[in-house]
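Engineer: after the sequence you'll find the predicted model.
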Amino acid sequence: MPAKVTGLGHIGFYVHDLELMMDFYGNFMGMQLTKVGPLGAFFSADPESCDHEIALINGRASLEDPQWIQQISMRVDSLDDLRDFKRRILAHGYQLDRIVSHASAIGCYFRDPENNPTEVFWLTGHTSWAQVGIPIDIDQPDEDVMADVLRSWEAVKDVKMGTPASAETAAAIRELSAAAAGR
């Protein structure tokens, strides 16, 4: 039986005014700022159970820009489910954009039949408050995948909820990304 998603993870929006939208989701909606950095800001209603449900991503050129959905993201139960989705994405000829370690999750980013950005992800069991996306090969043995995840997590584990990564952490993320891309 093919893998299936187990629930909505989060929705990403391209925003025109990040500060305005951070104020809206943080103060008006009462959500907790969990991750923030150059990419944008992530919010959760319950950070203990879900590190983010809303992702505000810089990049909407104007309020008239119709391209406001950055991605729709859904959870899967296991690494094998993620692998199954990768196989089926490729078999169906859908565009596979990237597969990355976020330390807290591994995300498989692709396009649905109408070219909408979509992510399926698996939670790794590590908590991470950093915005990180390091390329990862999920076709390697489980132990090697988890070793790569652990390297990602070690680089970002000291980032506190709602704070940007330090310059040193950002440099470590770039170094890991470059090393992974060079494999």
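Structural biologist: Perfect, I can see it now.
Engineer: quick one: Ala180 from Asp148, how far?
Structural biologist: Applying C-beta to C-beta, to the nearest Å, the value for Ala180 to Asp148 is 7 Å. No exception for glycine: its C-beta is placed from N, CA and C like everyone else's.
Engineer: how about the nearest residue to Gly162, chain neighbours excluded?
Structural biologist: Of all residues not flanking Gly162 in the chain, Leu33 sits nearest, at 4.2 Å (C-beta to C-beta, 6 or more residues apart in numbering).
Engineer: can you tell me who the one you found pairs with across the strands?
Structural biologist: The bridge-partner assignment for Leu33, based on DSSP bridges, gives Phe43.
Engineer: roughly how far does it sit from Leu96?
Structural biologist: 31 Å.
Engineer: more crowded one of the two?
Structural biologist: Leu33 (19 against 14; other C-beta atoms under 10 Å).
Engineer: was I right about that one contacting Gly26?
Structural biologist: Yes. At 5.4 Å, Leu33 counts as touching Gly26 under the criterion of C-beta atoms under 8 Å.
Engineer: identify the contacts common to these two.
Structural biologist: By C-beta atoms under 8 Å, 6 or more residues apart in numbering, Leu33 and Gly26 have these common neighbours: Phe43.
Engineer: more neighbours: which of Ala180 and Asp148?
Structural biologist: For Ala180 versus Asp148, neighbours defined as other C-beta under 10 Å are more numerous around Asp148 (21 against 17).
Engineer: need the phi and psi values for the more buried one.
Structural biologist: The phi/psi pair for Asp148 (degrees, to the nearest 10) reads phi -60, psi -40.
Engineer: need the helices for the chain, in chain order.
Structural biologist: Using DSSP state H, the helices of the chain run over 18-23, 79-91, 142-156, 167-181.
Engineer: for the third one, give me every contacting residue.
Structural biologist: The list of residues contacting helix 142-156 from outside it, by C-beta under 8 Å, 6+ apart, reads 79, 101-104, 106, 124, 126, 128-130, 132, 134, 136-138, 140, 165, 169, 172-173, 176, 180.
Engineer: at 7 Å instead, please
Structural biologist: Residues outside helix 142-156 that contact it (C-beta atoms under 7 Å, 6 or more residues apart in numbering) are 79, 101, 103, 106, 124, 126, 128, 130, 132, 134, 136, 138, 165, 169, 172-173, 176.
Engineer: buried ones in it?
Structural biologist: Across helix 142-156, burial judged by 16 or more other C-beta atoms under 10 Å covers Val145, Met146, Asp148, Val149, Arg151, Ser152, Trp153, Ala155, Val156.
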